[in-house]
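Enquirer: fold the stuff below for me.
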Amino acid sequence: QVQLVESGGGLVQAGGSLRLSCVASGNAFGIRTMGWYRQAPGKQRELVAVIASGAMDYADSVKGRFDISRDNTKNTVYLQMSSLEPEDTATYYCAADPKSYTGSFSPRYWGQGTQVTVSS
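Expert: Numbering: from 1, shown residues only. Purely as a prediction, here's the structure:
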């Protein structure tokens, strides 16, 4: 079993930056793919960014603004968010799976989420 705990959310003005962190514990050594999803009120949960074996993939809406990284020594994945827009307001969820990423991501493990609010 793997536990994921997010941190770093908050309130920021449009154009600002935030860095989310997600620490994996438990059987984290078996995790190959980690990523971030988000869900805004009334909308479906969407994949924001994913990282696996050094390769990254991003939703078109965040390319060039968000950067995902992973520190395997700390079992932590980060999401650096810049040039934030009100449309980025959502609950952000960390996710992880033992399988390698081959273009689709169906996480087995989820965090509880952290709220990001971008004011205009």
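Enquirer: the lowest-mean-pLDDT helix or strand in the chain: which residues count as buried?
Expert: Every helix and strand in the chain was compared by mean pLDDT, DSSP states H and E; the lowest is strand 55-58, with a mean of 94. By 16 or more other C-beta atoms under 10 Å, the buried positions in strand 55-58 come out as 57-58. Heads up, the C-betas are built off the backbone N, CA and C, glycines and all.
Enquirer: just give the number of residues close to residue 35.
Expert: Using other C-beta atoms under 10 Å, residue 35 is surrounded by 26 other residues.
Enquirer: direction included, what does whichever helix or strand comes after the least confident helix or strand of the chain pair against?
Expert: From strand 55-58 onward toward the C-terminus, using DSSP states H and E, the following helix or strand is strand 66-71. Using DSSP bridges, the strands paired with strand 66-71 are strand 76-81 (antiparallel).
Enquirer: what does the partner strand contact?
Expert: By C-beta atoms under 8 Å, 6 or more residues apart in numbering, the list of residues contacting strand 76-81 from outside reads 17-24, 34-36, 48-49, 51, 62, 65-71, 88, 92, 94, 96, 116.
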